[in-house]
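Asks: Have a look at this prediction, sequence included:
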Amino acid sequence: MVAFWAVKSQGWSSLIKPYVWTTMAIGTSVTLGDFICQFLERDKSILKVEHDRFSSLPWWNYHRSLIMCTSAVLVSTPYSFTLARTVERIFPGKQSIQIAKKMLSNIVMAPIGISLVFTSITLLKGQSLSDAQEKVSKDMPRTLFAGACYWPFVSFLNFRFVPLDFRPLVGSAAGTVWNIYMSSVANKQ
């Protein structure tokens, strides 16, 4: 009986380090993506949003970045981490057919991930669940299409050449570019 619990405990403890790295990678990726997005949108945002007077970056809405980061850490990370581990367990290996199955799994699961992001950001902004539902209905199709044009290439490289524990880091690096787009769509009224 003791050996059973020791194995169980070791199994969970082996996930702690990858989960912490995944959390840091996704949180950083989303926050950096939002920061870059706000920089690119800076001429419009200065007129629309009242910012901290003491900020040396008058175009940066740190509250928006905080919402994006909170959503990433509390919603996107658990979902992405669990999805990556589950897909790898179901379709192990780096053979072409296994990579294709992993990519297809991610495409099939993408609407759930996008819905979770839009919903959590909408709710963290203080809006209602019906506002979140409207946001998902309105912005899901084009976001899903944009993701389908971007992520298959990234996924192929990630699944083919990157070890499982480092995939979230590589995905987050590519995700920074994606998160510039997601931040724009998620924060658009």
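Replies: Perfect, thanks for sending it.
Asks: helix or strand for residue 152, which one?
Replies: Residue 152 belongs to helix 129-161 when elements are defined using DSSP states H and E.
Asks: For the host helix or strand of residue 110, enumerate the helices and strands it packs against.
Replies: Using DSSP H and E, residue 110 sits within helix 96-124. Other helices and strands packing on helix 96-124, by 3 or more Cβ pairs under 8 Å, 6 or more residues apart in numbering; DSSP states H and E, are helix 62-71, helix 77-90, helix 129-161, helix 167-186. (C-beta placed from N, C-alpha, C; glycine too.)
Asks: Quick check, central residue of this structure?
Replies: Of all residues in the chain, the one closest to the mean position by Cα atoms, centre = their mean is residue 76, 4.8 Å from it.
Asks: Now do the same contact list for that residue.
Replies: Contact analysis of residue 76 by Cβ atoms under 8 Å, 6 or more residues apart in numbering lists 26, 30, 113, 116-117.
Asks: same thing but at 6 Å, please
Replies: Contact analysis of residue 76 by Cβ atoms under 6 Å, 6 or more residues apart in numbering lists residue 26.
Asks: Please determine how far it is located from residue 68.
Replies: 10 Å (Cβ to Cβ, to the nearest Å).
Asks: Could you do residue 132 as well?
Replies: Residue 132 is 15 Å from residue 68, by Cβ to Cβ.
Asks: just residue 105 next, same as before
Replies: Counting by Cβ to Cβ, the separation of residue 105 from residue 68 is 26 Å.
Asks: which one of these two has more residues nearby?
Replies: Ranked by neighbour count (other Cβ atoms under 10 Å), residue 105 and residue 68 place residue 68 first, with 29 against 17.
Asks: Which residue comes closest to the more buried one once chain neighbours are left out?
Replies: Nearest residue to residue 68 in three dimensions, chain neighbours excluded: residue 34, at 4.2 Å (Cβ to Cβ, 6 or more residues apart in numbering).
Asks: And for that neighbour, the neighbour number?
Replies: Around residue 34 there are 29 residues (other Cβ under 10 Å).
Asks: which element is it on?
Replies: helix 2-40.
Asks: can you pull the buried residues of that helix?
Replies: Residues of helix 2-40 classed as buried: 18-19, 21-23, 25-35, 37-38 (neighbour count, 16 or more other Cβ atoms under 10 Å).
Asks: Could you list the low-pLDDT ranges of the chain?
Replies: 1-10, 12, 44-55 (pLDDT under 70).
Asks: contacting residues for the closest residue to residue 72 other than its chain neighbours?
Replies: In space, residue 72 comes closest to residue 30 once its chain neighbours are excluded; the distance is 3.7 Å by Cβ to Cβ, 6+ apart. Residues near residue 30 by Cβ under 6 Å, 6+ apart: 68, 72, 179.
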